[in-house]
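1. predicted model and sequence below, questions to follow.
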Amino acid sequence: MTKPVILTGDRTTGPLHIGHYAGSLSNRLRYQDSHEQFLLLADTQALTNNAHDPEKVRRNVIEVALDYLAVGIDPERTTICLQSHLPALAELSILYLNFVTVARLERNPTIKDEIRARGSG
């Protein structure tokens, strides 16, 4: 029987904190054996609001990876991957951009919130 698959992760905008542990890391620890788990270090996504300081994002990749290890994430049982090193994700983004219109995207509640938060709309 195959294990259920989990894909989750964190934007590498800074080191993790106790809220991350309570909110998600403790679950990730619990699911290491019962699920096939992939943790994404979302460095490309972190550039969306850190484009002015890509070095910060690079440093935080290491910090977040170390935080994963420090709480007990075992790379033998959980795959830790770096978003910028997965070409398939960029390819999927290109496909997505070709199928979703701006009007449809702007109706998405998450996108609406992001636009408001950035003062773009």
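-> In hand now; what should we look at?

2. when you work out contacts or count neighbours from here on, use the C-alpha atoms and nothing else.
-> Will do.

3. so where's the protein shaky on pLDDT?
-> Applying pLDDT under 70 to the chain picks out residues 120-121.

4. go with 90
-> Low-confidence segments of the chain (pLDDT under 90): 1, 14-15, 21, 48-49, 51, 87-108, 110-121.

5. and the strands in it, which stretches?
-> 5-11, 36-42, 78-82 (DSSP state E).

6. counting by contacts, list what the lengthiest helix in the chain packs against.
-> Using DSSP state H to define each element, the chain has its longest helix at helix 54-71. Other helices and strands packing on helix 54-71, by 3 or more Cα pairs under 8 Å, 6 or more residues apart in numbering; DSSP states H and E, are strand 36-42, helix 43-46.

7. what's the closest of the ones you listed to residue 106?
-> Closest to residue 106 of these, according to Cα to Cα: helix 43-46, at 18.7 Å.

8. what residues of the closest one count as buried?
-> Applying a neighbour-count criterion of 16 or more other Cα atoms under 10 Å, one finds 43, 44, 45, 46 buried in helix 43-46.
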